[in-house]
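Trainee: coordinates for the following, if possible.
(3 chains)
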Amino acid sequence: MPELPEVEIVKRSLSKIANKAKIIDIKIKNKNLRYKIPKFFKKKLLNHNILRVSRRSKYIIFHFKNKFLLLHLGMTGKLLFFKKKYTTIFKTSFYHDLNILPKHNHIFFILSNNLTLVYNDVRRFGFFKIYENKKLNEISFLSKLGVEPLNKKINYKYFKKIIKNRKKNIKNILMDQTLICGLGNIYVSEALFLAKINPLRLSYSLKNREIKNIIKNIKLILKLSIAKGGSSIKDFKNTFGKNGKFQQYFNVYGRNNKNCSRTSCTGEIKKILISNRSSFYCSSCQK
DNA sequence: AGGCATGTTACAGG
DNA sequence: ACCTGTAACATGCC
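Mentor: All right, here's what the predicted structure looks like:
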């Protein structure tokens, strides 16, 4: 899925473009996403103004008067803006350059600003949920999340606390959304490379200096990726169908058998499985 | 043909 | 309670 930087990119353009727009129509072509779109979905959102759009971890939140629309993009979910009316969006030719197939367009939000926001999701692991008269922290998906990595609360003290007494490797710690949220398989590998830490290192064995280094590089890598528009491996597109550029800057992700990019290192990038997910690291400079 | 894919959840078992 | 591994979800690409 899109990880934190990709979701942040989507959220930023939504904030600019969908902000203050009214939803004037909704077309549901396929309601079978990860959770089935309920019958009242359209009725609850119709003629409501999008007051603002925010992000929490990998979730996008549309704020309406007295209600929220929560969106998770799963692995392949995309939100795309089109200037055309939804009926013309079905034309295959329209998608040629974008490599987006119309058959995966599941939901159309027709907005008052003459734009149509299309939810496209190949694998349909993404989902929408509507919450009425609730506070954000009453939404179970959000309340169980840990701290945002770009938040100042992610500091040495917090890290020390969460790794204490935990017999878990550092990769799985960073992947655990209830401890620190928004990181996924790409950015964990990349951050640990920058910090020169082996992903299998047990968290309690990390020296204070190493902990500080990990925190610093998590924040660094996320900010860099956001600045480059996120990473597009296969699926990620921003709301205009454009790829991010950060994949060009990967040091380890998907680079197994290649030479370590550190000029001072002659090691080779290895790929191993940790909790059944691919993990990439340099066996020479990541200790 | 089989394995793999930016994610999350449920379950079994240690 | 914590941790790991496995499978599931659905589709496409090597």
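Trainee: near DNA strand B, which residues of the stretch 101-250 of chain A?
Mentor: Proximity of the stretch 101-250 of chain A to DNA strand B, by C-beta under 7 Å from any atom of the strand, involves residues A:123, A:125, A:141, A:177, A:184-186, A:231-236. C-beta coordinates here come from the backbone N, C-alpha and C atoms, glycine included.
Trainee: let me know the closest of the residues you listed to DNA strand C.
Mentor: residue A:123 (3.7 Å; C-beta to the nearest atom of the strand).
Trainee: relative to residue A:231, how far out is the closest one?
Mentor: 18 Å (C-beta to C-beta, to the nearest Å).
Trainee: A strand includes residue A:34, no?
Mentor: No: with DSSP: H, G, I helix; E, B strand; the rest coil as the criterion, residue A:34 is assigned coil and is not in a strand.
Trainee: tell me how many other residues surround it.
Mentor: 15 (other C-beta atoms under 10 Å).
Trainee: isn't it right up against residue A:124?
Mentor: Yes: between residue A:34 and residue A:124 a contact is recorded at 6.5 Å, counting by C-beta atoms under 8 Å.
Trainee: residues contacting residue A:123?
Mentor: A:74, A:75, A:76 (C-beta atoms under 8 Å, 6 or more residues apart in numbering).
Trainee: for the closest residue in space to residue A:182 that isn't next to it in sequence, give me its contacts.
Mentor: Of all residues not flanking residue A:182 in the chain, residue A:4 sits nearest, at 3.3 Å (C-beta to C-beta, 6 or more residues apart in numbering). Contact analysis of residue A:4 by C-beta under 8 Å, 6+ apart lists A:57, A:58, A:149, A:150, A:181, A:182, A:183, A:184, A:187, A:222.
Trainee: check which helices and strands the strand or helix carrying the last one sits against.
Mentor: So that's residue A:222. Taking DSSP states H and E as the criterion, residue A:222 maps to helix A:208-227. The criterion is 3 or more C-beta pairs under 8 Å, 6 or more residues apart in numbering; DSSP states H and E, and the helices and strands that helix A:208-227 contacts are helix A:4-17, helix A:156-163, helix A:170-175, helix A:185-194.
Trainee: for residue A:155, see how far away the residue of the stretch 101-250 of chain A found nearest DNA strand B is.
Mentor: Distance from DNA strand B to each residue of the stretch 101-250 of chain A (C-beta to the nearest atom of the strand) is smallest for residue A:184, at 1.9 Å. Separation of residue A:184 from residue A:155 (C-beta to C-beta): 22 Å.
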